[in-house]
Each structure stands twice: as structure tokens, then as C-alpha cells.
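here are the coordinates; sequence isn't available:
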């Protein structure tokens, strides 16, 4: 097997069989892409966002949500332009690779990998807790529920892309249906003054709207991200879309519109009814609290648990899809060990990547379990996912700006109407949010350690081994041709 050097990396020569063993099957249309994007995020309306109330109060979180929404508008329009122009399974890695080279592509992929491996690991712990409430099983049985959940949904993703996308549509509609029932029920009890503004000012600078002052807005920014985190995964499905040049921008932007509507309705209607912002700021089950206020405490606990499980499963399933494709694309190009990119001989799904990601995620969940439910590791892992996401956003916006200047003449089936200013605005907000992570909450400072270890191990592997064994996968081939290397 020969090789060819390009800058600081080397490309190995592979035969046709290499790519024959690494095929994905086109299936998705606009509707499936919309469901994939919305489903990946929808659990953010069920939990997580409400901790922003403790950081900024209702007004602080509302302002933060407006800022983060504008950031995601700039981000998604930029991705909607880049994805059909570079319709490969690499997504964020592909954008950074084409604009800034192999090292930037790898670091972007590593950041996104952190997000997609850790997020399902945290979600599965929640699924296990609710299933325990439904069945009455002891807490010690939780790892069995996690194993069952991973086995079911990794198996579903391996079984075939058709079944995977169909399930995404069904579970996403179920989760949205649950939210619609809640919204309708909450309208009759909504009282903004009484419930949403019931957090007392923390100082003389505070008010009912901004109990922690303007600094509370910055503290709430990371939590507002939970309303949209993972919508950016859609480009990973590019090679499984029948017409990514037309369908990808539509699926991404329709998905964002759906999530924007849900985000503001959830914030207003969940906070604006009993028990109000002060109680929700400390709750692990904000939607449950709202349903209890609407239907009373007499509703059976198992039904309440099932309500939350639908939203959790929607995100769990779709992010498993995402990490499978993300690992597949990086390993197909040689950045990760190549065997991880093998696809099933009959079903053409990345079964090795899906199983490997599940094993790593399950180990993380076990770590949470054995260190104890009161240990901050759960929060650290969740915040590491946010850290990885925001870092990948920054690199993607830089990639967009560079691609506009470096490759002005490549075919762009969709052109962002916001252009470079929209990407620059999103980049600015991402940078502010990233900095804010380490000043708003001491827990986030522990992210530095976890993220540093993650990146150190990943960069050491690439520097010592991976960069010498790259392959001209579609993402690499496109970038090399644009650089004039045939």
C-alpha cells in the first residue's frame, strides 16, 4: 500500500473495495431531515433549559433565548449554504477541512464527537430513571435499563436507514404532540406576573424581570442553548439524502423554525403557571411540574414518566444516528481508526461506529452511576457536551467565512441571505457564550479538565498516528482538488 504526502499529513492508497465496504444508502427526504433535526433537540423542551432561571430569572433567560435564537439563525443559514455545497457525511469536519486544512478539520470533528458521544450518555441516565419509576425497579437496576436502551436504539439504527428515519418521524411527532397538549392546557392558567416573575431580586441592581441584573443574561446563555443543541447534526445525513442540494437547507431551516416556536412557548407557558420560575429553577422535571399544575397531583406517576420518556427517546435515538455518521466519516478518511467506518454488508449502515459509540457512552453512564447521583460528574459531562458544541460552532462559522473568500466560485445550491455578517454575528455570540461558560457556574470550570483530557488524547493519536494514514474519502478528495492537488 503506497502513500502520498500533503503538507503535514500523508494519504494512503486504497483499492475500490475499501469504499465498497463503506457505503451509505440514500433514503431521506425533506420531511425525514426535518424530523431528524427536531427530534435531536426536542428533549431540551422537556428539561435542562429551566436551570437558566436560576442563573438569570425569567427576564434574563428570555433575553438570553432571544440572543441564542439569533445566533442559531446565523449558524443554520450558514450551514444550510455549506452543506449542499459540500454534500458529504462529514458535516462540520468537512467544512473545516475544506477551508482550513486537515488539522482544523480533525479538531472540529473531535469537538463535535465530544458533543454527540456525551449527550446520549446523559440522556440514557434520564431514561433509566423514568423507566425505574414506571416499573418500580430499584436504582441498582438502572444500568440494565441503559443497556436495554442502547441495545434497542443502536439496533434500530443498524437495522436500516429506512426504519431509523421512519421512527424519527413517529417519535418526533409524539414528543411535539405532548408539548402541544401542554401548551393548550397551560394557556388557561397562565399568569406572567404571579408565576414567571416570582424570583426575588438578589441585589439592589436586580428587579422582578432581571433578579440577578444584566449579568444574569450572560449566566443564562448556556442554558438557552438547550432549546437548539444538536440541530446542526443534519449535514451528517447528506449521503443518505436523495437530494441534499435541495432538501438539506429546507429540512434544516424548517426544523429551526419549529424549534424556535417550541422554545418560546415552553419558556412562557411552563414558567407562567404554577409552581412558577422560583420552583422550576431547581426542578429536574419542569414539564412534569407544569402537567401536575394543569391536571392535578392525581395523575398516575407512570403516565407522567412516560410523557418525559417520549421526549428523551426522540433525542436519544436521533443523536445515536448522528454519532454513528460522525464517527463513520472521520474514520473513513483515516482520522479515526479505519475499521470504525465499515458498514453492514446488507443494510449499509455504519454498524461498527454505532456500536463503538454506544460502548463509550455506556461506560460514561456507568461512571455517573458508580460515582453517585450527587456527584457533579453528570453536570460536568453535560456541560462538556455544550463546550464541544459551541467550539464546533465557532470553527464552522470561521469555515463559512473562509470558504466564501477561498472558494467563491464553487456551486452553492443555497446561498445564505445573511452572508458573512450573519456568520460573523453567530461567531461573536458563540465566543461570548464559550467565555461565559467558565464564569457563570463553577461546574463549568471542571469542563476544562475533561475537555483538555479529551482533546489531548485525540490530538496525540492524530499527531503520532492518524495523520500518517489518511484516505482520500469524499471530504478529503473535494478539499485536495480545491487546493489544486489531484
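Cool, got the structure. Computed from a prediction, not measured in an experiment: that's the story for all the values here. Residues are numbered from 1 along each chain as shown.

what bits of this structure have low per-residue confidence?
1-3, 133, 298-302, 304-305, 371-380, 439-447, 485-486 (pLDDT under 70).

could you pull out the strands for it?
Taking DSSP state E as the criterion, the chain carries its strands at 3-6, 9-12.

from these, which stretch is densest packed?
The highest mean neighbour count among the strands of the chain, using mean count of other CB atoms under 10 Å, belongs to strand 9-12: a mean of 18. Yep, even glycine has a C-beta here, placed from its N, CA and C like the rest.

Which other helices and strands does it contact?
strand 3-6 (3 or more CB pairs under 8 Å, 6 or more residues apart in numbering; DSSP states H and E).

From the contact counts, what lies against the strand it packs on?
strand 9-12.

about what we covered before: just send the strands of the chain back as JSON lines, with distance to residue 154 too.
Compiled in JSON lines, the strands of the chain are given as follows (distance: least, CB to CB, whole Å):
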{"stretch": "strand 3-6", "distance to residue 154": "34"}
{"stretch": "strand 9-12", "distance to residue 154": "29"}
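
right, and those strands - which one's nearest residue 385?
Among the strands of the chain, the nearest to residue 385 by CB to CB is strand 9-12 (28.3 Å).

Identify whichever of the strands of the chain lies nearest to residue 137.
That would be strand 9-12 among the strands of the chain, by CB to CB, at 49.3 Å.

Figure out how far that closest one is from the centre of its chain.
31 Å (CA atoms, centre = their mean, to the nearest Å).

for residue 141, what are its contacts?
Counting by CB atoms under 8 Å, 6 or more residues apart in numbering, residue 141 touches residue 132.

Over to residue 432?
Residue 432 touches 218, 221, counting by CB under 8 Å, 6+ apart.

what do you get if the cut-off is 10 Å, keeping everything else the same?
67, 71, 218, 221, 390 (CB atoms under 10 Å, 6 or more residues apart in numbering).

sorry, back to before: which of the strands of the chain sits closest to residue 172?
strand 9-12 (39.3 Å).

Which residues does stretch 411-420 contact?
73-87, 243-246, 248-250, 252-253, 397, 400-401, 403-405, 422-427.

Give me the subset of those residues lying in helices.
73-85, 244-246, 248-250, 252-253, 397, 400-401, 403-405, 422-427 (DSSP state H).

Generate the PyMOL command that creates a selection of the buried members of those.
Applying 16 or more other CB atoms under 10 Å to those, the buried members can be selected in PyMOL as follows:
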select buried, resi 73+74+75+76+77+78+79+80+81+82+83+84+85+244+245+248+249+250+252+253+397+400+401+403+404+422+423+424+425+426+427
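
show me where the stretch 151-300 of the chain has helices.
161-187, 215-224, 244-271, 277-280, 286-295 (DSSP state H, counting those that start in this stretch).

Just say which of these is most tucked in.
Among the helices of the stretch 151-300 of the chain, highest average neighbours (mean count of other CB under 10 Å) belong to helix 215-224, with a mean of 25.

Show me what that one is packed against.
helix 51-85, helix 377-406, helix 419-440 (3 or more CB pairs under 10 Å, 6 or more residues apart in numbering; DSSP states H and E).

and that helix, how far from the chain's centre?
With CA atoms, centre = their mean, you get 19 Å for helix 215-224.

Renumber starting at 2 from here on
In the new numbering, first residue 2, that becomes helix 216-225.

between that helix and helix 52-86, how big is the angle?
50 degrees (axes from the mean of the first three to the mean of the last three CA atoms, to 10 degrees).

how big is the angle separating helix 216-225 from helix 378-407?
90 degrees.

on that earlier part again, can you redo the helices of the stretch 152-301 of the chain as a markdown table with distance to residue 330?
Conversion of the helices of the stretch 152-301 of the chain to a markdown table gives the following (distance: least, CB to CB, whole Å):
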| stretch | distance to residue 330 |
| --- | --- |
| helix 162-188 | 15 |
| helix 216-225 | 27 |
| helix 245-272 | 14 |
| helix 278-281 | 39 |
| helix 287-296 | 34 |
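
right, so of the ones you listed, which gets closest to residue 482?
helix 245-272 (18.2 Å).

Give me the helices and strands touching the closest one, please.
Checking 3+ CB pairs under 10 Å, 6+ apart, helix 245-272 ends up next to helix 31-42, helix 52-86, helix 162-188, helix 278-281, helix 287-296.

hmm, try it at 6 Å
helix 31-42, helix 52-86, helix 162-188 (3 or more CB pairs under 6 Å, 6 or more residues apart in numbering; DSSP states H and E).

Could you export those helices as CSV, including distance to residue 126?
Below are these laid out as CSV (distance: least, CB to CB, whole Å):
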stretch, distance to residue 126
helix 31-42, 18
helix 52-86, 16
helix 162-188, 19
